[in-house]
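Participant: okay, here's the prediction I keep looking at, along with the sequence it came from:
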Amino acid sequence: MATKKPTSKSSGKPSDPPLSTPASSGQGFKVQVFYLAASSNNPKAPLKDALWFATYPIIPRIGDCVFRDGVYYRVERVFLYENLAAGWCADVEVSFYSRR
C-alpha cells in the first residue's frame, strides 16, 4: 500500500486568520478628507481649504459624494494605506459638488 506524501499546500497547521485593520473600528473606517478650494471655479463652492477626519461604513470610492457642514463634496482621489498601527485607512481628496 502506497503512503500519501504531504504536499506543500497542506502543512498540517491551521491557516492564518485574516489580518485585522486596526484603523477600522467596529463602527467603520477612519479616513482623512481634504478639500482644496483653489481647484474649484464654481461661485457657490467653499472659499477655504478644508481638512477633516471622518468614519464611514466603507471607504468612499471615486465618484461617491460625502456631506459635511451643509455642503456636498465629490470624491476625486483615494489613497489607501496598509496600517500596522492605529490611524486612518485612507486619504480622500474631494471637490465641490453642485447638484447641477
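Facilitator: Good, I have the coordinates.

Participant: and Tyr73, how far is that from Glu82?
Facilitator: Here Tyr73 is placed at a distance of 25 Å from Glu82 (C-beta to C-beta, to the nearest Å). For every residue, glycine as well, the C-beta is placed using N, CA and C.

Participant: these two: which is more packed in?
Facilitator: Taking other C-beta atoms under 10 Å, Tyr73 and Glu82 do not tie; Tyr73 has more neighbours (25 against 8).

Participant: is that one in a helix, a strand, or coil?
Facilitator: strand (DSSP: H, G, I helix; E, B strand; the rest coil).

Participant: quick check: it touching Asp64?
Facilitator: No - counting by C-beta atoms under 8 Å, Tyr73 stays clear of Asp64, with 9.5 Å between them.

Participant: mind listing residues that contact stretch 71-89?
Facilitator: Residues outside stretch 71-89 that contact it (C-beta atoms under 8 Å, 6 or more residues apart in numbering): 21-24, 29-33, 35, 46, 53, 59-67, 90-97, 99.
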